[in-house]
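Asker: Predicted structure and sequence below. I'll ask about it afterward.
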Amino acid sequence: MQEYRSPDQIDQRTRQTLARYWDTRSAQQQRQAENGRADQGLRSAVTGGAQMDGFIELFTDLIAGAGIPKEHIFRKKSLQLPGFFRPTEEWDLLVVKDNTLIAAI
């Protein structure tokens, strides 16, 4: 977990996260094209997953920095909640304390 003491530190981390997002999208699109199985349009840039990982790490650090203990922050585990469009929706980040949902991303 990384702590942020100033808005400039958050700004720098956000810029790094945005760069990682676009780098990952580009790499996924290129990888699909090289393998000869590219999805239609811009879909090839996002179907490989992982492009949002930097944001999830940033949000996790900010939530923990705001005082939420790590044991209430869930990532990369069984993260399913009932969904509007599907019976279950898998989330990237959940914050749950005392059986109460605080955040779902």
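Answerer: Structure received. These numbers were taken from a predicted model, which means no experiment stands behind them.

Asker: Restricting to C-alpha, output the helix or strand hosting V96 in CSV.
Answerer: V96 is part of strand 94-97, with elements assigned from DSSP states H and E. Output in CSV follows, covering the C-alpha atoms of strand 94-97 (Å, rounded to 0.1, in the frame of the first residue of the first chain):
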residue,chain,number,x,y,z
LEU,A,94,-15.3,-4.5,-3.1
VAL,A,95,-15.2,-2.8,0.3
VAL,A,96,-17.4,-4.6,2.9
LYS,A,97,-17.5,-4.0,6.6
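
Asker: State the next helix or strand along the chain beyond that strand.
Answerer: Next helix or strand after strand 94-97 toward the C-terminus (DSSP H and E): strand 100-104.

Asker: Which strands or helices does that following strand pack on?
Answerer: strand 94-97 (3 or more CB pairs under 8 Å, 6 or more residues apart in numbering; DSSP states H and E). The way it works is simple: take the backbone N, C-alpha and C, and place the C-beta from them, glycine included.
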